[in-house]
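Visitor: fold the following and give me the result.
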Amino acid sequence: MRARLARPRTYLTGGCALLLLALPFYLDRFWLQAGLFAMAAAIGATGLNLLTGATGQLSMGHAFFLAVGAYGYCAFAGAPSGDTDGLGLPGWLAAVLAVLLAGAAGGLFSPIAGRLKGAYLGIATLALIFIGQHVLFNAEGLTGGANGRDVPVLSLFGLRFDDSELTVASVPFGAAEKLWYLGLVLILGCALFARGVLRGRPGRAMNAIRDHRIAAGVLGVPVARYRAGVFVLSSMYAGLAGVLLALVFQRTVPDYFGMVLSLEYLAMIVIGGLGSVAGAVVGAAFVSLLPQLLTRYSDSLPLVSAPGTGGVAPGEAARYLYGAAVVAAVLFLPGGLVQLAARRSRKTPQEDA
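Guide: A predicted model of the protein is given here:
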């Protein structure tokens with residue numbers, strides 16, 4: 001029975017993998033960038049799901065660590081100029097250092113994260129957003145101020161992830177096509193690592209802390225240490241997502257890394273499914289792709305108008321829709337969208353029997 005169930009699932013997984021590998025040969029730049037935004041969001045949402053979904057720690061400051069990753073990469077990889085500072089390091093090294101910098105920032109806050117819980121931690125992490133916004137707008141030498149700063153091109157093994165000419169199977173590959181495969185590698189590695197954490201001893205300890213903190217402490221789980229460690233890990237995931245976002249945007253802007261972004265990440269994990277890696281990916285795709293789809297097809301959708309023409313803008317309509325999706329998920333699907341697939345897999349053996 002299990003073999004018959006596993007075989008179609010294997011075929012489906014392989015088919016999806018081949019489809020993702022082939023998409024850059026057929027999609028235009030808009031859809032590739034939309035997919036890259038979803039990949040970056042999925043990486044950040046996976047980290048937040050480890051913290052909030054698996055450990056039960058509410059964080060409202062996720063956007064701060066995305067900003068640390070994005071601007072950290074720019075500062076490490078950018079060459080010093082008249083307006084902005086930089087170290088001019090190789091792109092791959094700058095990306096690694098930016099992720100470590102985000103983890104270090106999370107480590108500085110981890111003593112607080114290890115001792116607070118629930119709304120108290122949420123309010124404390126909310127302060128990170130205000131601190132981050134103040135720094136981003138005023139440290140013009142590092143961030144470029146309100147206008148932001150250009151993102152240096154990533155170079156890896158001699159391959160530059162820019163629009164320089166590269167032809168594969170008679171198809172010209174630009175920055176979006178090259179970053180697509182980089183994004184696939186990153187999201188696969190992050191998802192597998194998070195899945196291993198959740199299925200191992202750390203995951204059981206995290207779930208115990210989420211479900212009953214006192215009982216977990218009695219059983220010998222170092223609650224404060226686990227909370228602090230997961231907070232650092234979540235910060236590093238956010239830093240990596242920030243680096244990928246910066247490479248896709250090609251320019252960092254302080255306004256993007258505000259409170260709304262943190263709320264969107266919370267919406268991702270609630271809609272997709274708390275405590276699930278697949279749920280983080282599904283929720284990230286839903287929340288990140290919806291505004292872009294509404295913008296793309298605003299001319300043919302009722303009640304949605306093109307940006308700047310009055311009426312309900314695509315971004316506002318998207319927030320209404322995934323706000324309604326959060327309410328629907330809380331009321332009818334506490335396990336998120338992935339619960340639908342789980343229900344389907346449980347019904348299949350009964351149907352075969």
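Visitor: from here on, contacts and neighbour counts on C-alpha atoms
Guide: OK.
Visitor: does the residue nearest to N49 when sequence neighbours are not counted lie in a helix or a strand, and which?
Guide: Nearest non-adjacent residue to N49, counting by C-alpha to C-alpha, 6 or more residues apart in numbering: G275, 5.6 Å away. Using DSSP states H and E, G275 falls within no helix or strand.
Visitor: correct me, but G275 touches L48?
Guide: No. G275 is beyond contact range of L48, at 9.4 Å (criterion: C-alpha atoms under 8 Å).
Visitor: re the thing from before, tell me who's in contact with the residue nearest to N49.
Guide: Counting by C-alpha atoms under 8 Å, 6 or more residues apart in numbering, G275 touches N49, L50, T52, G53, A54.
Visitor: okay, S235 and D211: tell me how far apart.
Guide: The gap separating S235 from D211 is 22 Å, by C-alpha to C-alpha, to the nearest Å.
Visitor: and what of A63?
Guide: 26 Å.
Visitor: who has more neighbours out of these two?
Guide: Taking other C-alpha atoms under 10 Å, A63 and D211 do not tie; A63 has more neighbours (29 against 14).
Visitor: look at the more buried one and give its secondary structure.
Guide: helix (DSSP: H, G, I helix; E, B strand; the rest coil).
Visitor: also the one 4 residues further on?
Guide: At A67, secondary structure determined by three-state DSSP is helix.
Visitor: F257 is in contact with that one, correct?
Guide: Yes. Assessed by C-alpha under 8 Å, A67 is found in contact with F257 at 6.0 Å.
Visitor: ok so, going back, please report phi then psi for the residue nearest to N49.
Guide: Phi and psi for G275, reported as degrees, to the nearest 10, are phi 80, psi 10.
Visitor: from M60, how far out is it?
Guide: 17 Å.
Visitor: and what of R227?
Guide: Separation of R227 from M60 (C-alpha to C-alpha): 15 Å.
Visitor: likewise S234?
Guide: Going from S234 to M60 by C-alpha to C-alpha gives 12 Å.
Visitor: so what's L337 up against?
Guide: Residues near L337 by C-alpha under 8 Å, 6+ apart: I271, G272, G273, G279, V282, G283, A329.
Visitor: could you check the pLDDT of the fourth one?
Guide: As predicted, G279 sits at a pLDDT of 90.
Visitor: before we move on, what about the third one?
Guide: Per-residue pLDDT puts G273 at 88.
Visitor: tell me how many other residues crowd the closest residue to it other than its chain neighbours.
Guide: Nearest residue to G273, sequence neighbours excluded (C-alpha to C-alpha, 6+ apart): G336, at 3.8 Å. Around G336 there are 27 other residues, counting by other C-alpha under 10 Å.
Visitor: quick check: G336 touching G272?
Guide: Yes. Using C-alpha under 8 Å, G336 is in contact with G272, at 4.7 Å.
Visitor: so what's in contact with the two at the same time?
Guide: G279.
Visitor: before we move on, back to that, and the residue nearest to G273, that's in a helix?
Guide: No. Using three-state DSSP, the assignment for G336 is coil, not a helix.
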